[in-house]
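Participant: Model the following, please.
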Amino acid sequence: MPSLFLSRCLPGALLALCAAACGIAPAHADPVTVASVESPGKVLRVALELDGGQPSYRVERLGEPVVGRSRLGFQLRDGRLDRDLAVLAQETRSVDDTWEQPWGERRFIRNHYNELVVHLGERGGARRRLDVVFRVYDDGLGFRYRFPEQPGLREAIIDDELTEFDIVPESTAWWIPAGEPIHYEYLYRRTPLDEVPLAHTPITLRSHDGLHVSIHEAALVDYAGMWLRRIDGQRLRAQLSPAAEGWKVRRTLPFDTPWRTLQISDHAGGLVESSLILNLNEPNKLGDVSWVKPAKYLGVWWSMHLNQETWATGPKHAATTRNTQRYIDFAAAHGFRGVLVEGWNPGWDGDWVGNGNGFDFTRPTPDFDIEALSAYGARKGVHLLGHHETGCAIDHYEDQLGAALDLYARLGVDAVKTGYVCDDGQVERRNPAGGPPLREWHDGQFMAGHHLKVVEEAAARHIAVNAHEPIKDTGLRRSYPNWMSREGARGMEYNAWGQPPNPPEHEVNLVFTRLLAGPMDYTPGIVSLVGRNGQKIPSTLARQLALYVTLYSPLQMAADLPEHYEQHRDAFRFIEDVAVDWDDTRVLDGEVGDYVTIARKDRHSRDWFLGSITDEHGRVLPVSLSFLEPGVRYRAEIYRDGDGADFRTNPFAFVRETREVGSGDTLELKLGPGGGEAVRFTPL
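Facilitator: All right, here's what the predicted structure looks like:
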């Protein structure tokens, strides 16, 4: 009777909408748009559809399709939750506010979006409920699922998430493989999107007409990381990192999933300038975080990658009291706040890779006087940076975590670098039933919980965290500002011993892929340009300086040996001067994998810094200086490739010079193959 009444009284489109909302199957099979939302500037439009009770979404940009009809839903342990659904209710709201980062790429961030919440419920059977939340900005969108509290469903065991991204424009993709042993530490592959098998996020796409899209996630909390599997054509489906027990996620209701994100821009630089990932995270949960200090640091580190010294104790042990004092002296003389020391604690002797149960994080080796060194550094204004390599023995580390962080807090160590060196899928977790340990992935639900526990325990002691071999960044630094940086990509150490070392395009790729997720501790500044056994680093000298501006991290390492900096004093001057905390960031020009030029304004002065890097091809790039303050003349301290500079044949061709410039001027950058340029602009 209700369906007869509707069919006599309502036109076709409205009939379909009401039928879907009322839980009545339409008489035809065409999907019905049951809800939609536009971005504030009407750039993006998202539509939610039901096709016989199966939900999907579509995304248009300025009227043109970007994401075609893409499924939503779950495969739960007790049945699928993606069919026979109806709209129970929906709400919309608009938000336009601005918040201040305690540190970051820019000081103030506008958060301007329209939100749509659609409440879905099953029409029969268990009558389970599921909400879908969309937040739509002019430069992208995020959507997440919400499992509300409901009768008869206390817990959700997720075997698969069925979320899809059906990319409409024919696109090229830059990606790294997921589900492989070395986690995120791969060179980026450039292929047609329809040739991608299984990829990590962020994955960056460029259509043939120049539209740029990045797919990632935000606010990954108590959930498995999302991989993307191509299922046909350009259609990608979420594949969650598995848990040792076989499921992907196990949660008690109510809970929200992470946001699934799409950043969308006409140009590559728009992806970098977007604040979407941060905006989708919760505000600062820690209160006063004035104790979190962006800084540059040195490290007892590179010498081990060169195989000149060792992490293990013995005649070549690097982490000795005397050697560390030498680094502290150098740091104090050149204005560096910290010194990282790896190999300071027991556990490094023997085969520790993936076998970290021998590590002790509460006491030093006999030749490393941590008490005396902390006091020595304090007198010179230099802090030790802590280091906790776990070898992936997670419960063994957590057993000592409180005491280890207490030691650091007492000694004034206010930042710790953590490490998780083992093959992916081999993270060790204690078996609650006894027997052999369970094995987890670096980005599964278990490790998402572990990393957040470390961050919270560190925050309670006013200690910042810089995680290596980490779970991927999803913007949680907004909620936990002591989670300052992380690795999560193929870093500088591969230039010491990697086969091949990182080619010049790799660091350009990082700007438009990995760094869209958040800061990366790439450890730049290898001015010697030589790795282990004389291996040449694919870079010019000037490029190593430009990396401090192009590859963002609030903790930046001067990674080379002190004696190498003494040999290249002209170049080292820029590393001494460059800021690490920014008031504003502008991407002046760039293309994925080819080149990029970025300007950043120091938060604590009126200085601007510019960095530009290129791939294996030399380039001449005219750059407008319109970002400078109008009416002000600046001294430009320029560190550039010299004539004939080439990473293969003439990497040390280098010029340092000064010019007077203003906002109306144009600076011509001449980058050699594998080269770069760095500039400091200081008001006169």
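Participant: contacts and neighbour counts: CA atoms only from here.
Facilitator: Noted.
Participant: for the longest helix seen in the chain, what is the average pLDDT?
Facilitator: When the chain is parsed with DSSP state H, its longest helix is helix 394-411. Helix 394-411 shows a mean pLDDT of 98.
Participant: Report all helices and strands that the helix or strand just after it contacts.
Facilitator: The helix or strand immediately downstream of helix 394-411 is strand 415-419, counting by DSSP states H and E. Applying 3 or more Cα pairs under 8 Å, 6 or more residues apart in numbering; DSSP states H and E, we find strand 415-419 packed against strand 383-389, strand 464-467.
Participant: what's the longest one in contact with?
Facilitator: With Cα atoms under 8 Å, 6 or more residues apart in numbering as the test, strand 383-389 has contacts from 337-342, 356, 359, 361, 373-374, 377, 408, 412-421.
Participant: From the chain's centroid, how far away is that strand?
Facilitator: 21 Å (Cα atoms, centre = their mean, to the nearest Å).
Participant: same question, the shortest one
Facilitator: Distance of strand 464-467 from the chain centroid (Cα atoms, centre = their mean) equals 13 Å.
Participant: Quick one: low-confidence residue ranges for the chain.
Facilitator: 1-29 (pLDDT under 70).
Participant: so who does G675 touch?
Facilitator: Counting by Cα under 8 Å, 6+ apart, G675 has contacts 539-543, 613-616, 618, 641, 645-647.
Participant: just the helices in the stretch 501-650 of the chain please.
Facilitator: Assigned by DSSP state H, counting those that start in this stretch, the stretch 501-650 of the chain shows helices spanning 504-512, 541-550, 562-567, 569-577.
Participant: angle of the longest one against helix 504-512?
Facilitator: Comparing the axes of helix 541-550 and helix 504-512 via axes from the mean of the first three to the mean of the last three Cα atoms, to 10 degrees yields an angle of 10 degrees.
Participant: Show me what helix 541-550 is packed up against.
Facilitator: By 3+ Cα pairs under 8 Å, 6+ apart, helix 541-550 packs against helix 569-577, strand 595-602, strand 608-614, strand 634-641, strand 676-683.
Participant: of these, which approaches G475 most closely?
Facilitator: Across those, G475 has its closest neighbour in strand 595-602 (20.1 Å, Cα to Cα).
Participant: Parallel or antiparallel, which strands does that closest one pair with?
Facilitator: Strand 595-602 sits in its sheet next to strand 582-591 (antiparallel), strand 608-614 (antiparallel), going by DSSP bridges.
Participant: Need the residues that contact that strand.
Facilitator: Against strand 595-602 from outside (Cα under 8 Å, 6+ apart): 105, 505, 508, 549-550, 579-590, 607-615.
Participant: hmm, 6 Å instead?
Facilitator: For strand 595-602, contacts defined as Cα atoms under 6 Å, 6 or more residues apart in numbering pick out 508, 550, 579, 582-590, 608-614.
Participant: circling back: now rank the contacts of G675 by neighbours and give me the top one.
Facilitator: In terms of neighbour count, I613 stands highest of the contacts of G675 at 36 neighbours, by other Cα atoms under 10 Å.
Participant: And the helices in this protein?
Facilitator: 2-9, 12-21, 268-273, 276-279, 302-305, 321-334, 370-379, 394-411, 445-459, 494-497, 504-512, 541-550, 562-567, 569-577.
Participant: Deepest-packed of these, please.
Facilitator: Mean neighbours per residue, mean count of other Cα atoms under 10 Å, is largest over the helices of the chain for helix 541-550, with a mean of 28.
Participant: ok now that one, how far from the chain's centre?
Facilitator: 20 Å.
Participant: For it, list the C-alpha coordinates in PDB.
Facilitator: What follows is helix 541-550, C-alpha atoms only, in PDB (Å, rounded to 0.1, in the frame of the first residue of the first chain):
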ATOM      1  CA  LEU A 541      76.700  20.100  -3.000                       C
ATOM      2  CA  ALA A 542      74.100  22.900  -3.300                       C
ATOM      3  CA  ARG A 543      71.400  20.300  -3.500                       C
ATOM      4  CA  GLN A 544      72.200  19.000   0.000                       C
ATOM      5  CA  LEU A 545      71.500  22.500   1.300                       C
ATOM      6  CA  ALA A 546      68.300  22.900  -0.600                       C
ATOM      7  CA  LEU A 547      66.900  19.700   1.000                       C
ATOM      8  CA  TYR A 548      66.600  21.600   4.300                       C
ATOM      9  CA  VAL A 549      63.800  23.700   2.700                       C
ATOM     10  CA  THR A 550      62.200  21.200   0.300                       C
END
